[in-house]
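*Asks:* what follows is a predicted protein model with its sequence.
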Amino acid sequence: MIEVKNLVKTFRSADDIVTATDNISFVVPDGQFVSIIGRSGAGKSTLLSLLGALDKPTSGTIVVGDKDITKLRDHELIAYRGKAIGFIFQSYNLIPNLSALENVMLPMEFAKMPKGERTIRGKQLLAQVGLEEGQMKRKPARLSGGQQQRVAIARALANRPQLILADEPTGNLDSANGKMIFDLMHDLAQTEKTTIVVVTHDLAITGKTDKTFQLEDGKLTVSKHK
Amino acid sequence: MNTVSRGIRNAFRNGIRTASLAVILGLSIGLCLIMLIAHKAVDTKIKNVKGSIGNTISVSPAGFNPGSQANNALTVTQLGKVGSLTHVTRISESLSDRLSTTGSSTANFGPFGNSSSGSTTSLVSPTTINLDRNRSGSGSGYHVFVGNGTSSLPTNFTPPITFLGTTQPTVVDGNSLKIVSGSTISAGVDANDTLISQTMATKNKLQVGSSFTAYNATLTVTGIFTSSTQITNDTVVLSLPALQRLSGQSDVVTSALVSVDSLDNLSSVTAAIKNTLGNTADVVSAQDQANNTIQPLNNVKTISLFSLLGAIVAGAVIILLIMVMVVRERKREIGVLKAIGGSNLKIMSEFMVESLTLAILGAVIGLLIGVIGGQPVTKMLANNSTTSAQTSDLGSDRPAGIRSFGNTTANQSGGSFGRSLRNSDAVRGLTNIKTQIGWGILLDGFGAAVLIAVLGSTLSAGLIAKVRPSEVMRSL
């Protein structure tokens, strides 16, 4: 379960202080598929950064499972990110000089998984997201956008995370590929029992998620339940 | 795939950039290596030169003029006392004399010195005097020849020939003799055996076993030598006892070269010799001369050291700028690595390996440049440095072959000893520096590359640590 309480994040700009998330509180039960919508600059990505322990809040708490991640030290955060969180980005963010398989194996290497084990798991995950054997050895530049995003999903699942955070995962894909990626994420959430929080503009996605939060000027204004 | 292999692979992401960087770094590391090679070669040379010319003391009769007869000649007995002083390892004693050639008009050569006995030799000097260059009156440069009150040379003028009796027949006037025919003479044996130069042998049609006359005696050619100076080629070498007997100068020594066990003891031994011989002898240490002589090499050493440091700094700056550029370029990628669980240490190590790979590529090119350029650059540096030093030092010297009967002032900056030092094999070989490229140098080259890589990647490591993982979200 994710429990967010009174979450505030402010940034200093040249003249004043900008509040990116303004006293946000919400709860997401395990295994749910949640979407966050909002206009550009509403604070969606900031919220995702805070949930993913990429940044620290100005105040408030985020409890994932039984751990308040706002109180973790830097080295604990690294371990937490590596094992408990999986990220999926809009522009895939795969390492360009590594093959698809090596990209998937990278978080497992950081988590100190033995090489043989991570090779097997990497191949399994890539097969699960629909990549063929020959494509696994290709570098990202030789894969299509949809294939790259599948590799990114496989990478996000590598360490069996409790939580997957996806930032506009279908933003760079056509509608057919976008639907396929969404379905894939949805299926994985079911089979791996992983909580997924996705930031999106795609209303087709929000219609299928368990819960949708709307952010406006850093405030959680609307929440929709299925 | 681990940190090391990823770092190596990262170094080859962009082939053209990698090649350009490797060449630039190669030039820098090559320069490092060349300067390292030059520094070591010059250092070795300085040690050799110091060992061969810096540890000697010249002893000559007070006010001795090599062109005239010794007025207060030193004796073997006096020098025996010097030989017993602490730290003295060897004394090389010599007696020089000159004979005019049979039939020549040099018998009354007056102030330029002729044989005390008025003896002649049947030898013809290998030196030929250009009569057009003979001038009367005073002046610098070539010397004044005055014969019977006239300003021109006698028509049958032949330069006198120097006879040198020595206890060290292998070295004359600081120059090693190379025996090309026959054998050398026995230093302590009183026999009419001589060494003559190949030039003299050719001119006089002599060979080993041939004889000629001098001091009304028949002398035998035991060996024929070659030497690099005309002065030595004009000299007939005998043992000291033989020349003392032939010239009627029993027990007389005109110069001695005292060798000391260490440069550190040179000053104390010089003082001890002065104390022993009193004002009967001029005692000149070679230390100042040696220092002056090796000064150009010291300059080269300093230049090479600073260039070495400069090249290391330049290489480090190149790597530093490259890695800073790379880190800025891959900021998002660093963010991704941090987001998926990569620690600062892992990511920094990856970049370190990348910079090390580039440095090693540079080192390979640098080693080639160093191996090819080490010797010529060292030689060029030494040549330039010693040429400028010699121009100022030897500018007033006379041409070789003329000085042996020229008028000299003893001990003007070392006098004859100074010339001897400057003409010695060791000094002439200052620019003859041999570079040695062994494993040590190659390892030093790789060490420099590693140092450059480590220095150059420190700032980038700091930048990596500062990249916040949330940057990856914000840049989207």
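*Replies:* Structure received.
*Asks:* which residue ranges form the strands in chain A?
*Replies:* Using DSSP state E, the strands of chain A run over A:2-12, A:17-28, A:33-38, A:59-64, A:67-68, A:85-88, A:163-167, A:195-199, A:211-216, A:219-225.
*Asks:* just send those strands back as JSON lines, with mean neighbour count, mean pLDDT and distance to chain B too.
*Replies:* Where C-beta positions appear, they are placed from N, C-alpha and C, glycine not excepted. Shown next, in JSON lines, are the strands of chain A (neighbours: other CB atoms under 10 Å in any protein chain shown; pLDDT from 0 to 100; distance: least, CB to the nearest CB, whole Å):
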{"stretch": "strand A:2-12", "mean neighbour count": "17", "mean pLDDT": "91", "distance to chain B": "10"}
{"stretch": "strand A:17-28", "mean neighbour count": "17", "mean pLDDT": "89", "distance to chain B": "10"}
{"stretch": "strand A:33-38", "mean neighbour count": "24", "mean pLDDT": "89", "distance to chain B": "13"}
{"stretch": "strand A:59-64", "mean neighbour count": "17", "mean pLDDT": "92", "distance to chain B": "14"}
{"stretch": "strand A:67-68", "mean neighbour count": "14", "mean pLDDT": "88", "distance to chain B": "16"}
{"stretch": "strand A:85-88", "mean neighbour count": "26", "mean pLDDT": "91", "distance to chain B": "5"}
{"stretch": "strand A:163-167", "mean neighbour count": "25", "mean pLDDT": "90", "distance to chain B": "6"}
{"stretch": "strand A:195-199", "mean neighbour count": "24", "mean pLDDT": "90", "distance to chain B": "10"}
{"stretch": "strand A:211-216", "mean neighbour count": "20", "mean pLDDT": "89", "distance to chain B": "14"}
{"stretch": "strand A:219-225", "mean neighbour count": "13", "mean pLDDT": "73", "distance to chain B": "18"}
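*Asks:* nearest to residue A:137, out of those?
*Replies:* For residue A:137, the closest of the strands of chain A is strand A:85-88, at 22.0 Å, according to CB to CB.
*Asks:* show me what contacts the residue of chain A found nearest chain B?
*Replies:* Closest to chain B within chain A is residue A:82: 2.1 Å, counting by CB to the nearest CB. Contact analysis of residue A:82 by CB atoms under 8 Å, 6 or more residues apart in numbering or on different chains lists A:107, A:110-111, A:159, B:340-342.
*Asks:* now residue B:437
*Replies:* Residue B:437 sits next to B:37, B:370-371, B:374 when contact means CB under 8 Å, 6+ apart.
*Asks:* helix, strand, or coil at it?
*Replies:* Using DSSP: H, G, I helix; E, B strand; the rest coil, the structure places residue B:437 in coil.
*Asks:* quick one: closest of the strands of chain A to residue B:293.
*Replies:* So among the strands of chain A, strand A:2-12 is nearest, using CB to CB, at 69.2 Å.
*Asks:* need the pLDDT of residue B:182.
*Replies:* The model reports residue B:182 with a pLDDT of 92.
*Asks:* now do it against residue A:28, distance only.
*Replies:* Plainly put, residue B:182 is 108 Å away from residue A:28 if you go by CB to CB, to the nearest Å.
*Asks:* hmm, back to that, now the strands of chain A as TSV including distance to residue B:360?
*Replies:* Formatted as TSV, the strands of chain A follow (distance: least, CB to CB, whole Å):
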stretch	distance to residue B:360
strand A:2-12	43
strand A:17-28	45
strand A:33-38	48
strand A:59-64	44
strand A:67-68	44
strand A:85-88	34
strand A:163-167	39
strand A:195-199	44
strand A:211-216	50
strand A:219-225	54
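*Asks:* where is the longest helix in the chain?
*Replies:* Going with chain A. The longest helix of chain A (DSSP state H) is helix A:175-192.
*Asks:* nope, chain B please
*Replies:* helix B:344-393.
*Asks:* and chain A, is that helix touching that?
*Replies:* Yes - shown here: helix B:344-393 in contact with chain A (CB under 8 Å from any CB of the partner chain) through residue B:346.
*Asks:* now do that helix: distance to the chain's middle.
*Replies:* Distance of helix B:344-393 from its chain centroid, counting by CA atoms, centre = their mean, to the nearest Å, is 25 Å.
*Asks:* please apply the same query to stretch B:254-269.
*Replies:* Remark: stretch B:254-269 is offset 20 Å from the chain centroid, using CA atoms, centre = their mean.
*Asks:* which residue ranges form the strands in the stretch 51-200 of chain B?
*Replies:* B:56-61, B:74-75, B:88-101, B:120-121, B:161-166, B:171-172, B:175-176, B:178-182, B:193-197 (DSSP state E, counting those that start in this stretch).
*Asks:* report the contact partners of residue B:455.
*Replies:* B:312, B:316, B:319-320.
*Asks:* now the helix or strand containing it, how far from the centre of its chain.
*Replies:* Using DSSP states H and E, residue B:455 sits within helix B:439-466. With CA atoms, centre = their mean as the basis, helix B:439-466 stands 36 Å off its chain's centre.
*Asks:* now swap in stretch A:14-27 and tell me
*Replies:* The chain centroid and the centroid of stretch A:14-27 are separated by 21 Å under CA atoms, centre = their mean.
*Asks:* hmm, back to that, the longest helix of chain A packs against which elements?
*Replies:* Secondary-structure packing of helix A:175-192 (3 or more CB pairs under 8 Å, 6 or more residues apart in numbering or on different chains; DSSP states H and E): strand A:33-38, helix A:145-157, strand A:163-167, strand A:195-199, helix A:203-206.
*Asks:* right, is whichever strand or helix holds residue B:42 up against chain A?
*Replies:* Assigning secondary structure by DSSP H and E places residue B:42 in helix B:15-53. No - counting by CB under 8 Å from any CB, chain A has no neighbours in helix B:15-53; the shortest distance is 11.8 Å.
*Asks:* and the angle from that helix to helix B:439-466?
*Replies:* Relative orientation of helix B:15-53 versus helix B:439-466 (axes from the mean of the first three to the mean of the last three CA atoms, to 10 degrees): 140 degrees.
*Asks:* list the buried residues for helix B:15-53?
*Replies:* For helix B:15-53, the neighbour count (16 or more other CB atoms under 10 Å in any protein chain shown) marks B:18, B:21-43, B:45-46, B:49-50, B:52-53 as buried.
*Asks:* next one: stretch A:180-191
*Replies:* A:180-182, A:184-185, A:188-189.
*Asks:* give me the spatial nearest neighbour of the residue nearest in space to the middle of chain A, chain neighbours excluded.
*Replies:* Geometric centre of chain A, nearest residue: residue A:165, 1.7 Å, by CA atoms, centre = their mean. In space, and not counting its chain neighbours, residue A:165 is closest to residue A:52: 4.8 Å by CB to CB, 6 or more residues apart in numbering or on different chains.
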